[in-house]
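# This is the structure alone, sequence omitted:
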DNA sequence: GTTTGTGAAGCGATTCACAGCG
DNA sequence: CGCTGTGAATCGCTTCACAAAC
């Protein structure tokens, strides 16, 4: 059943695989776009294309939520929007605080995507006394001193950390102590939190580094194409010498 | 994840699993911190703790790069920093353009984490003519008209899209046509790109929705705990009445 | 002794392929 | 028929556990 032992198996929640949960917002976005165009129904194939996944995966994902489709027809757009919203907990209002109102924090405060989906910026918090009272995105910045009170007064359970790396862990601890149990971390640090607190991180620099890796590989592959030609020639020569083509390892393999 | 279709074996690149590649920047960050504290060597256990992963995973990850450790001792910090940097392609300079200089684009331009790791903001591009010439983070914004020329002149292969969702696909196509082969997308849209182009996406709203899901589940579990208490009481009562405890379903279950 | 590097087992996610239903 | 829903096969990543190296 849903309860089971206290925590431990945090991998699946309510039987829905984590990977599926991560894709539900994607489906929801695509469905919302269809809904705005008054499209009544959609097939797994169409919706999958709109969400950028493959249709078998989408159907499997939906199967974890229940049988919401009609065979031979597809899915009712409005109904699915509701079901996924409910599953994600977006039918309720989530007050959120943003801590660290620098460039990024201010950009987040101004980001429209928050408000549009049940997330409400309840407060902006910064350690700089000079910022206090200054409005950002129409919301006055409050000093860190008020953090605990703000969390408590507003019943905040989701916090966004956009402070410098050095301050992040301390802010995190205060948020958690004050009752926050989900954290979105933009600071380039590993946060350590007690069990039962969820942390997701967004690190711009890491994303770029991953792209750089692949970019470098692409440049290398051009060179490899030439190397392959050489190897092919060698293989042909080796075959003449009575040696099998599977005998040796490509030059790109590590020793 | 990234793209890749006709490529078939795009899952692994140069034999290094994608999941490992995604962690290398994490290790690198932890190692850089150690390096700044002049720590000469580190064990897999210590480094794993600093990077927030488990040590077996870290050792397996490093094993894909080669045998860079010393048994009984650990890893040489400086040497590993170099090896990982090289593997990630950070020993070279990557010029990057940011397209869409709104709140987020400006925040990205100001973000110090780019410059610190071989990424250089070569240009800022925006469609608003009023922005043209205005400096952001010390770099003058250029108009979208110049996009192709900028990419070409600077040999840019990595582009960051921070435009509104509606403009993203079009910008993407222009970037790709001009020669960009890696894209970091902040716009809440699915970008479609030709084979050979990598896309990574960062979506703030999606991250929050995932947190909301888990947050809701936590709230549900508290309810379950209460429900369990009720069920236990009922079961006790039922037992007295001679009825089995498995008769009914918790109210939170779907129909 | 300590710690790495790695086969092998375990596990979750993806994909296939088709039965089942409208 | 068309399209969903899903067992079964497959794939890739994680974790275990220990032999090899220092």
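Perfect, I can see it now. As the structure is a computational prediction, the values presented were derived from the model and not from experiment.
# for residue A:120, helix, strand, or coil?
Following DSSP: H, G, I helix; E, B strand; the rest coil, the label given to residue A:120 is strand.
# Stretch A:147-166 close to chain B?
Yes: Stretch A:147-166 is in contact with chain B by CB under 8 Å from any CB of the partner chain, via A:157-158. From N, CA and C alone the C-beta is placed, and that goes for glycine too.
# Oh, that last question was meant for stretch A:41-53, not what I typed.
Yes: residues of stretch A:41-53 are located near chain B by CB under 8 Å from any CB, namely A:50-52.
# In that stretch, which residues are buried?
A:41-44, A:46-53 (16 or more other CB atoms under 10 Å in any protein chain shown).
# And stretch A:124-138, by the same measure?
Buried, per 16+ other CB under 10 Å, within stretch A:124-138: A:124-127, A:131-132, A:136-137.
# Enumerate every residue touching residue A:51.
Contact analysis of residue A:51 by CB atoms under 8 Å, 6 or more residues apart in numbering or on different chains lists A:23, A:26-27, A:29-30, A:58, B:190.
# pLDDT wise, what is the closest residue to residue A:140 other than its chain neighbours at?
Using CB to CB, 6 or more residues apart in numbering or on different chains and skipping the chain neighbours, the partner closest in space to residue A:140 is residue A:133 (5.5 Å). We have a pLDDT of 97 for residue A:133.
# Output the buried residues of stretch A:41-53 as a markdown table; include the columns secondary structure.
Compiled in a markdown table, the buried residues of stretch A:41-53 are given as follows (three-state DSSP):
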| residue | secondary structure |
| --- | --- |
| A:41 | strand |
| A:42 | strand |
| A:43 | coil |
| A:44 | helix |
| A:46 | helix |
| A:47 | helix |
| A:48 | helix |
| A:49 | helix |
| A:50 | helix |
| A:51 | helix |
| A:52 | coil |
| A:53 | coil |
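# Out of those residues, which is nearest to DNA strand C?
residue A:53 (7.1 Å; CB to the nearest atom of the strand).
# Ramachandran angles for the nearest residue to that closest one once chain neighbours are set aside?
Closest residue to residue A:53 apart from its sequence neighbours, by CB to CB, 6+ apart: residue A:23 at 6.5 Å. Backbone dihedrals for residue A:23, given as degrees, to the nearest 10, come out at phi -90, psi -20.
# Quick one: neighbours of residue A:23, just the number.
18 (other CB atoms under 10 Å in any protein chain shown).
# For the nearest residue to residue A:218 once chain neighbours are set aside, give me its contacts.
Closest residue to residue A:218 apart from its sequence neighbours, by CB to CB, 6+ apart: residue B:181 at 6.1 Å. Neighbour list for residue B:181: A:215, A:218, B:157, B:196-198 [criterion: CB under 8 Å, 6+ apart].
# let's go with 10 Å and repeat that
Contacts for residue B:181 (CB atoms under 10 Å, 6 or more residues apart in numbering or on different chains) come out as A:211, A:214-215, A:218-219, B:156-159, B:175, B:193-194, B:196-198.
# For the closest residue to residue A:32 other than its chain neighbours, the count of nearby residues, please.
Nearest residue to residue A:32 in three dimensions, chain neighbours excluded: residue A:81, at 6.3 Å (CB to CB, 6+ apart). By other CB under 10 Å, the residues close to residue A:81 number 18.
# Centre of the chain to the strand or helix carrying residue A:81, how far?
Assigned by DSSP states H and E, residue A:81 belongs to helix A:77-88. How far helix A:77-88 lies from its chain's middle: 19 Å, per CA atoms, centre = their mean, to the nearest Å.
# Can that helix be said to contact DNA strand C?
No: counting by CB under 7 Å from any atom of the strand, DNA strand C is not contacted by helix A:77-88; separation bottoms out at 14.6 Å.
# Heading C-terminal from that helix, find the next helix or strand.
strand A:94-99.
# and chain A, which residues reach DNA strand D?
Neighbours of DNA strand D within chain A, by CB under 7 Å from any atom of the strand: A:43-45, A:55-56, A:59-60, A:62-63, A:67-75.
# which residues of the stretch 1-150 of chain A fall in strands?
Here the stretch 1-150 of chain A has its strands, by DSSP state E, counting those that start in this stretch, at A:41-42, A:69-70, A:74-76, A:94-99, A:119-126, A:135-136, A:139-143.
# out of these, which comes closest to DNA strand C?
DNA strand C lies closest to strand A:69-70 among those, at 5.4 Å (CB to the nearest atom of the strand).
# do that closest one and chain B meet?
No: on the criterion CB under 10 Å from any CB of the partner chain, strand A:69-70 is out of touch with chain B, staying 15.8 Å away.
# what lines up beside that strand in the sheet?
Strand A:69-70 has its sheet partners listed here by DSSP bridges as strand A:74-76 (antiparallel).
# wait, residue A:178 sits on residue A:159?
Yes: the pair residue A:178 / residue A:159 is scored as a contact, 8.8 Å apart, by CB atoms under 10 Å.
# between the two, which one's more packed in?
More crowded of residue A:178 and residue A:159, by other CB under 10 Å: residue A:159, with 28 against 16.
# mind listing what that one touches?
Residue A:159 neighbours (CB under 10 Å, 6+ apart): A:96-99, A:125, A:147, A:151, A:171-172, A:174-176, A:178-185, A:197, A:199, B:211.
# how does it look with 8 Å?
A:96-99, A:151, A:175, A:180, A:182-184.
# And for residue A:215?
Residue A:215 neighbours (CB under 8 Å, 6+ apart): B:89, B:94, B:157-158, B:181-182, B:198.
# So which of these is the closest to DNA strand C?
Top of the list for closeness to DNA strand C, among these and by CB to the nearest atom of the strand, is residue B:198 at 16.3 Å.
# what bridges to the closest one?
residue B:182.
# Show the pLDDT at it.
98.
# so it touches residue B:183, yeah?
Yes: the criterion here is CB atoms under 8 Å, and residue B:198 meets it with residue B:183 at 7.1 Å.
# which of these two has more neighbours?
residue B:183 (25 against 22).
# How much space separates the nearest residue in space to residue A:30 that is not next to it in sequence from residue B:192?
Spatially, and ignoring its direct neighbours in sequence, residue A:30 is nearest to residue A:50 (4.0 Å; CB to CB, 6+ apart). Separation of residue A:50 from residue B:192 (CB to CB, to the nearest Å) stands at 10 Å.
# mind listing what whatever residue of the stretch 101-250 of chain A ends up closest to chain B touches?
Per CB to the nearest CB, residue A:216 is where the stretch 101-250 of chain A lies closest to chain B, at 3.2 Å. Contacts of residue A:216 were listed using CB under 8 Å, 6+ apart, and they are B:88-89, B:92.
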